[in-house]
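**Q** The sequence and its predicted three-dimensional model are supplied below.
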Number of protein chains: 2
Amino acid sequence: MRAAVIGGGVIGGGWAARFLLNGWDVALFDPDPEAMRRVAEVLENARRSLPALYDRPLPPEGRLARHDDLAAAVAGADWVQESVPERLDLKHRVLAGIAAAAPAEAIIGSSTSGFRPSELTAQGARAIVAHPFNPVYLLPLVELSGEAGACAGAAGILRGIGMYPLVLRREIGAHIADRLLEAVWREALWLVRDGIATTAEVDEAIRMGFGLRWAQMGLFETYRIAGGEAGMRHFLAQFGPALAWPWSRLTDVPDLDAALVEKIAAQSDAQSGHMSIRGLERLRDDNLVAMMRALRATGSGAGGVIRDHEAGLPPAVAG
Amino acid sequence: MRAAVIGGGVIGGGWAARFLLNGWDVALFDPDPEAMRRVAEVLENARRSLPALYDRPLPPEGRLARHDDLAAAVAGADWVQESVPERLDLKHRVLAGIAAAAPAEAIIGSSTSGFRPSELTAQGARAIVAHPFNPVYLLPLVELSGEAGACAGAAGILRGIGMYPLVLRREIGAHIADRLLEAVWREALWLVRDGIATTAEVDEAIRMGFGLRWAQMGLFETYRIAGGEAGMRHFLAQFGPALAWPWSRLTDVPDLDAALVEKIAAQSDAQSGHMSIRGLERLRDDNLVAMMRALRATGSGAGGVIRDHEAGLPPAVAG
């Protein structure tokens, strides 16, 4: 199988690594001469982490080739993934170029975190949203949105490379997860701006508590448990009134002005500046692998995805 | 050491279990005749999960006693934890009763998820906010808010029972984590109400992606990595404009009317109704233990808390 990766940033590089380590050949198109170096770095991270999820070996790694020409990159591709910056005019131009040169049966996915599929296809190029999460080579989730047949075909392919496709019932800007993330982001900006907590303290408030809950069950199942035997209706009846309380500043959008940017950046330096981004990436990946392996025992969430994927891999052959 | 637990619901029971398994005696006061049964159930969950976090044995379990009288329960206590329902008049009445009978040097903590310390102490009773997260016997986070000396003393005690105290720099309604949680909750209600996703799909969007990130690093450190070598300032400059986009419905508060309650409850039944709450609790706890043990290797987040706590426990003695 052959994938064309259009745009070689952190997300495009993550897609390339995910495909390559699952045995696909990958053709990369990115006009930036630095792209191949960046993708190679992501691939190096992926090689040291993704195989550790499984007890069986992944298939032999595919071949990575860089192309100077978009049409050459997408020729013969089974999947074309667009991961260029979030500007609709740019996405339109690139998707038109892809559609003109890709095989008619190829899936054309866009990594857009914000645009709806109807916006992407407004000028006639076919494409669906296939929105992954960083690091793409480890996290299972891909949000699919767009034409139903294409989404169904895409879902099958994604499961084949160990991912978890989630098809949206209706299109919506920012899909599902990024709407939740943006809600948290806004509120976190207020907390830092108003001096309630530093960036490090906000992070501790997440990872020492509800972050651990959400790595294995989501929001609703967690609250179902909190409601106890009285059930979800009881929980909602209890919790409902709090929605109207003046706790949240969410009704305002914080102004991300220079002073707030500086405050956040300085606090982030104090929190994490003792480590390089490379070091942070590897720490993150080591933790993700260890936690996802831990979830294999019960099969919850990502643990179930790993078990299902591994069941389709050939057993290791004694050498 | 001796703790008085006032209110024996899921949260009070979790506090009781956390203290007992760390060798404290616990006096329970709850007028509900069912309280002792509920606390015993929480304690049973805690006994099968909390010790599994550590390679060294926890101290011998303390003694649990139920009292019919608030004053008798708090007499001689080093820590009094109030976990009664979220009604300010009720909290005032209970905290006044506690303050009248508790030793002058006892820490008086309230599990309130919403009220500020100044609201709790408006009628003169001393107390600080000590807001834990369910399951209290496993999750490390406790948000502390209120008088600085009392918070500092409380923090030391909480570390001694394996928890992670986070002292707020300024008081705020709903503290830190619940503001973030409420933001996600509101947005999730819109997604379900508008038919974009079911409760199960929202949960998958969380646990297959950013939930795994947040169990080990928080929001800001994750985004720092996403910004790459260009740094946090660059990331903020890129991300900032999206805040003003019309993605979010957060500026409206969803009406949790009967139709929406029924929709959520029915979807939650379809998602999780095949398991009892007891079964869900145990699955959750097994996953939490396995993930937190996985984090011990790097010491990130809860993994570091476990390592620090264990270092203070006596090594196992060969029998």
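**A** Everything's here; your move.
**Q** Quick check: end-to-end length of stretch A:105-117?
**A** 18 Å (C-alpha to C-alpha, to the nearest Å).
**Q** next one: stretch A:25-44
**A** Across stretch A:25-44, first to last residue, C-alpha to C-alpha, it's 16 Å.
**Q** Just after the helix or strand bottoming out on mean pLDDT in chain A, pick out the following helix or strand.
**A** Within chain A, confidence by mean pLDDT, DSSP states H and E is lowest for helix A:231-239 among all helices and strands, at a mean of 72. Downstream of helix A:231-239, the next assigned helix or strand under DSSP states H and E is helix A:258-272.
**Q** Can you list the neighbours in contact with that next one?
**A** Contact with helix A:258-272 is made by A:189, A:192-193, A:198-200, A:203, A:254, A:280, B:220-221, B:224, B:231-233, B:236-237, B:240, as judged by C-beta atoms under 8 Å, 6 or more residues apart in numbering or on different chains. All C-beta atoms are positioned from the backbone trio N, CA, C, and that covers glycine.
**Q** Could I have the buried ones of those residues as PyMOL selection syntax?
**A** Selection of the buried residues among these in PyMOL, burial being defined by 16 or more other C-beta atoms under 10 Å in any protein chain shown:
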select buried, (chain A and resi 189+192+193+198+199+200+203+254+280) or (chain B and resi 220+221+224+231+232+233+236+240)
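**Q** mean confidence for stretch A:63-72?
**A** In this model, stretch A:63-72 has an average pLDDT of 97.
**Q** So which bits of it are buried?
**A** Going by neighbour count (16+ other C-beta under 10 Å), the buried part of stretch A:63-72 is A:64, A:66-67, A:70.
**Q** Not counting sequence-adjacent ones, nearest residue to A:A200?
**A** Using C-beta to C-beta, 6 or more residues apart in numbering or on different chains and skipping residues adjacent in sequence, the residue nearest A:A200 is A:Q271, 3.9 Å away.
**Q** what's around that neighbour, how many residues?
**A** By other C-beta atoms under 10 Å in any protein chain shown, 21 other residues sit near A:Q271.
**Q** Repeat that for A:H274.
**A** If we define neighbours as other C-beta under 10 Å, then A:H274 has 8 of them.
**Q** Am I right that it is in a helix?
**A** No - counting by DSSP: H, G, I helix; E, B strand; the rest coil, A:H274 is not found in a helix; it is coil.
**Q** who's in contact with A:H309?
**A** A:54, A:159, A:162.
**Q** Sticking with it, tell me its helix or strand.
**A** Going by DSSP H and E, A:H309 is in helix A:302-311.
**Q** Give the buried residues for that helix.
**A** Quick answer for helix A:302-311 (16+ other C-beta under 10 Å): A:302-306, A:309-310.
**Q** can you put these in TSV and add pLDDT?
**A** Formatted as TSV, the buried residues of helix A:302-311 follow (pLDDT from 0 to 100):
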residue	pLDDT
A:A302	85
A:G303	88
A:G304	86
A:V305	86
A:I306	86
A:H309	86
A:E310	88
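**Q** Break chain A down into its structural domains.
**A** Domain ranges of chain A: A:2-167, A:177-274, per automatic domain parsing.
**Q** what about these, which gets the closest to B:L120?
**A** domain A:177-274 (15.5 Å; C-beta to C-beta).
**Q** Would you work out how far apart the start and end of that closest one are?
**A** Span of domain A:177-274 from end to end, C-alpha to C-alpha: 30 Å.
**Q** Find me the pLDDT at A:S248, would you?
**A** 47.
**Q** what do you get for A:L50?
**A** pLDDT, A:L50: 93.
**Q** wait, does stretch A:5-25 contact chain B?
**A** Yes - if you take C-beta under 8 Å from any C-beta of the partner chain as the test, stretch A:5-25 does meet chain B, through A:V10.
**Q** Measure how far that stretch is from the centre of its chain, please.
**A** Computed by C-alpha atoms, centre = their mean, to the nearest Å, the chain-centroid distance of stretch A:5-25 equals 13 Å.
**Q** before we move on, what about stretch A:46-66?
**A** On C-alpha atoms, centre = their mean, the centre of stretch A:46-66 falls 18 Å from that of its chain.
**Q** Also stretch A:16-27?
**A** Distance, centroid of stretch A:16-27 to centroid of chain: 16 Å (C-alpha atoms, centre = their mean).
**Q** residues of that stretch that come out buried?
**A** Result for stretch A:16-27 [16+ other C-beta under 10 Å]: buried residues A:16-22, A:24-27.
**Q** Can you show me the strands along chain A?
**A** Assignment of strands within chain A using DSSP state E yields the ranges A:2-6, A:25-29, A:64-67, A:79-82, A:107-110, A:128-132, A:141-145, A:164-167.
**Q** Next up, the contacts around the residue nearest the centre of chain A.
**A** When C-alpha atoms, centre = their mean is applied to chain A, the residue found nearest the centroid is A:F133 (0.8 Å). By C-beta under 8 Å, 6+ apart, A:F133 lies in contact with A:139, A:141-142, A:177, B:209-210, B:213.
**Q** redo that, cut-off 10 Å
**A** With contact taken as C-beta atoms under 10 Å, 6 or more residues apart in numbering or on different chains, A:F133 is in contact with A:11, A:14, A:113, A:139-143, A:163, A:177-178, A:181, B:205, B:208-210, B:212-213.
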